[in-house]
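Student: Quick one, fold the following:
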Amino acid sequence: MWSFLDRLMYDNTIEEEYYKKIRQKSSSSSAFVVGLVAAMGGFLYGYDTGLINDILEMRYVTTHFPSNHRSFNTHERALVTAVLSLGTFIGAVIAPLVSDRWGRKFAIVVSSGILCNVGNVIQVASSGIPLFCVGRVVCGIAVGILSASVPLYQAEASPKWVRGSVVFTYQWAITWGLLISSAVCQGTRKFNNSGSYRIPLSLQSLWAIILCIGMLFLPESPRFYVQKNKIQKGLESLAKLRRLPTDDADLIEELVEIKANYDYEMSFGKTSILDCFRSGGGRHKQVLRMATGIGIHAFQQCSGINFIFYYGVNFFSSTGMDNYYLMSFTTYAVNTLFTVPGIILIEIIGRRSLLLWGGTGMSISNFIIAIVGVCITDDNISSIISVSFSCSFIAFFAASWGGCPWALVSDMYGISIRQKAISITVATNWLVNFTCAYITPYLIDTGDHTAALRNKIFFIWGGFNAFGVVFAYLMVYETKGLKLEEIDYMYVNCSNARVSKKFKSQKIDYNSPSYKNGVLLNEKSSNNDPQEPVSDGSASSRSEHNSVHTSSNSDSDSSEYPRNLTDYQLYLSSLGAMEDKVPEPEPIYAPGVEHEHDLNPIIARQFFEAPPSESDSDTEGSSHASIGAENDESGSSNTTYSSS
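Tutor: Residues are numbered from 1 along each chain as shown. Presented below is the predicted three-dimensional model:
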């Protein structure tokens, strides 16, 4: 018994596992703080979307804005609602021009601090439809840039084990924006003056300023710095995001993998917008990935969710409900509440399962609303059932299709084209959003040139949801638990979406010629075999990884990527020499090491942190490394570390 307790108390494995969990918890909390600040971009979108739903039904607005000064006609309602999506489409298209050149952080700061406030001023100053629409277009451009930049920034700043949940907070922020806008409009809708709509619009500038100021205190994406070959800044940024020192072995290993992945993709040449639709050049199944991203976002917009958020007040009033503003607020509250399970479940059951189960629930709810509207003539019973299953539909959407598409598109694309591909996908989202928002009044209104579908429109939404489930089953690959740099490897080695759930995180050798052909590092392994586990941050696992790559590296050239801390220090120095014209450090000697990759990262850290004394450096067989010594020509047993 005492021997067991002794082993338990002094077991290095238990200690390493404990510290691993502590480090992961620290990195996770940091990622959520960063993600929630950036998610204010989603709050702006949700707030703007919720405002128009309520403003178009305000008494003062309906008697001053429309051409007949009584109520909005179908064309005016469609134009005012949909014009925001036109601006967001433009913003999503131009996002890569800003984000890839000046950074993700810069794009978020400029769009929230300048564009959004300019658009708000124009809307507040308006007293008619034309100027109001101009302001909505400008705000839309800001929201479009944010929608393409915020999920990207969140994904690139987060560790793999919480990345999906962090990106899901973007959707959660959208739901809070919808809820707060509804609450504000509830308080001002009875004002019989311009304050009824100007007060809610003015508050949007406050949210934009909060986002702008908050982003100033956050680090830039480390992957953006890698793209710009600013490796030292990338290391410092990653250290801030992970709350680790810059010489931490796991931190350096992560940055080395990011750099290796980017260099591998860029070795095929520079990329353009057309490369988003081309396979090859280090990008595998690229057409499939683009089709998946575009399709998922298109089905999200065709689910019927924006029908409730854009025209919910109008729809509920047509069912005979007295307090339709309160009902609209209730739907927003349900949306906010049920987004939380999605944040939790996305890293437990995965993106794919969440889309399949959520889409099934959405489809059933929509079909029930449609059938009830057709078959039940009692307005009271019909309205109660319609409202109940509208909330059911919103709950399923919030927990699945609300945030999953944003997490998926932030995962799927390679670093060399990530911002471009996300922008195309998000632009498609807004284009479909604009189409749905514009044609919906013509489908539900009564009168000339309208379909007057009312509840029957839910047959359309239910059908789209059913097709979306089939699409997700066939097309969506599972990215849960993988680093962004491993996802391309997953697309190579999984023949279809259904087997992607079996793919496990693993070490990637970018120097191996077999990688270009899509062969695993262990070429004898298959999708059904257990994969080589990725480093968990412990000393033992890092040592195992170092020993895996020891056998065939003696003839490697200088183009190889570093695989441990010692390699990286020299690698970083050589890159710093290119960046800042700083001379490379002297070669490093480690006694008793026959090959550079045999050096354990923990031991290597001791060499750097504890330089040897003069007496130690003169003693043969010293346990410290001698820095700055020269290799004699007679074949010294010490090994010179060459810069990678």
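Student: Which strands or helices does the helix or strand Ile381 falls within pack on?
Tutor: Under the criterion of DSSP states H and E, Ile381 resides in helix 379-399. For helix 379-399, the packing partners by 3 or more C-beta pairs under 8 Å, 6 or more residues apart in numbering; DSSP states H and E come out as helix 305-318, helix 324-337, helix 339-345, helix 350-375. (Glycine included, C-beta is placed from N, CA and C.)
Student: For the first one, enumerate the helices and strands it packs against.
Tutor: In other words, helix 305-318. helix 40-55, helix 324-337, helix 379-399, helix 418-444.
Student: Now render the helices and strands packed on helix 379-399 as JSON lines, adding mean neighbour count, distance to Gly481 and mean pLDDT.
Tutor: Below are the helices and strands packed on helix 379-399 laid out as JSON lines (neighbours: other C-beta atoms under 10 Å; distance: least, C-beta to C-beta, whole Å; pLDDT from 0 to 100):
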{"stretch": "helix 305-318", "mean neighbour count": "22", "distance to Gly481": "28", "mean pLDDT": "77"}
{"stretch": "helix 324-337", "mean neighbour count": "21", "distance to Gly481": "27", "mean pLDDT": "85"}
{"stretch": "helix 339-345", "mean neighbour count": "19", "distance to Gly481": "14", "mean pLDDT": "92"}
{"stretch": "helix 350-375", "mean neighbour count": "21", "distance to Gly481": "8", "mean pLDDT": "93"}
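Student: re the thing from before, as TSV, the helices and strands packed on helix 305-318 with distance to Trp176 would be great.
Tutor: Below are the helices and strands packed on helix 305-318 laid out as TSV (distance: least, C-beta to C-beta, whole Å):
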stretch	distance to Trp176
helix 40-55	6
helix 324-337	6
helix 379-399	12
helix 418-444	19
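Student: Out of these, name the one with the poorest average pLDDT.
Tutor: Of all the helices and strands packed on helix 305-318, the minimum mean pLDDT falls on helix 324-337 (a mean of 85).
Student: Give me the residues contacting that helix.
Tutor: Here helix 324-337 makes contact (C-beta atoms under 8 Å, 6 or more residues apart in numbering) with 50, 53-54, 57, 172, 175-176, 178-179, 182-183, 185-186, 189, 308-309, 312-313, 316-317, 321, 387, 390-391, 394-395, 397-398, 402.
Student: From the chain's centroid, how far away is the helix holding Ile381?
Tutor: The chain centre lies 30 Å from the centre of helix 379-399; the measure is C-alpha atoms, centre = their mean, to the nearest Å.
Student: can you pull the buried residues of it?
Tutor: 382-383, 385-387, 389-399 (16 or more other C-beta atoms under 10 Å).
Student: Thr425: which of these is nearest?
Tutor: Nearest to Thr425 among these: Phe397, at 18.8 Å, using C-beta to C-beta.
Student: Could you double-check that that closest one sits in contact with Ser303?
Tutor: Yes. Here Phe397 lies in contact with Ser303, judged by C-beta atoms under 8 Å, at a distance of 6.2 Å.
Student: shared neighbours of these two, anything?
Tutor: With C-beta under 8 Å, 6+ apart, Phe397 and Ser303 have common neighbours Met362.
Student: related to what we said a few turns ago, quick one, which of the helices and strands packed on helix 305-318 gets closest to Met412.
Tutor: helix 418-444 (7.6 Å).
Student: export stretch 400-407 as PDB, just CAs?
Tutor: The C-alpha atoms that make up stretch 400-407 are tabulated as PDB, following Å, rounded to 0.1, in the frame of the first residue of the first chain:
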ATOM      1  CA  SER A 400     -27.100  24.300 -34.200                       C
ATOM      2  CA  TRP A 401     -27.500  26.100 -37.500                       C
ATOM      3  CA  GLY A 402     -27.100  29.500 -35.900                       C
ATOM      4  CA  GLY A 403     -23.400  29.200 -34.900                       C
ATOM      5  CA  CYS A 404     -22.100  26.000 -36.600                       C
ATOM      6  CA  PRO A 405     -21.800  27.600 -40.100                       C
ATOM      7  CA  TRP A 406     -19.600  30.300 -38.700                       C
ATOM      8  CA  ALA A 407     -17.400  27.800 -36.900                       C
END
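Student: which residues sit against it?
Tutor: Contacts for stretch 400-407 (C-beta under 8 Å, 6+ apart): 151, 155, 163-164, 167-172, 174-175, 293, 296-297, 299-300, 303, 305, 335, 339, 342-343, 346, 351, 354-355, 357-359, 361-362, 429, 468.
Student: can you do 6 Å?
Tutor: Defining contact as C-beta atoms under 6 Å, 6 or more residues apart in numbering, one finds that stretch 400-407 is touched by 151, 164, 167-168, 170-171, 296-297, 300, 303, 342, 351, 354-355, 358.
Student: all strands of the chain, in order?
Tutor: Taking DSSP state E as the criterion, the chain contains strands spanning 588-589, 626-627.
Student: averaging pLDDT over each of those, which comes out lowest?
Tutor: Across the strands of the chain, the lowest-scoring stretch is strand 626-627, with a mean of 36.
Student: Now do the contacts for Phe132.
Tutor: With C-beta under 6 Å, 6+ apart, Phe132 has these contacts: 123, 126.
Student: give me that answer again for 10 Å
Tutor: When contacts are counted by C-beta atoms under 10 Å, 6 or more residues apart in numbering, Phe132 is found next to 52, 55, 61, 65, 80, 83, 122-126, 197, 201.
Student: try Leu36
Tutor: 43, 154, 166, 169-170, 172-173, 214.
Student: Also Phe458?
Tutor: Contacts of Phe458 (C-beta under 10 Å, 6+ apart): 304, 307, 365-374, 386, 389-390, 393, 465.
Student: Name the nearest residue to it, ignoring sequence neighbours.
Tutor: Ala370 (3.8 Å; C-beta to C-beta, 6 or more residues apart in numbering).
Student: pretty sure the one you found is touching Ile457, no?
Tutor: Yes. Using C-beta atoms under 10 Å, Ala370 is in contact with Ile457, at 7.6 Å.
Student: what about the nearest residue to Pro245 once chain neighbours are set aside, how many neighbours?
Tutor: Leaving aside its sequence neighbours, Pro245 sits nearest to Ala239 (C-beta to C-beta, 6+ apart; 6.5 Å). For Ala239, the neighbour count with other C-beta atoms under 10 Å is 19.
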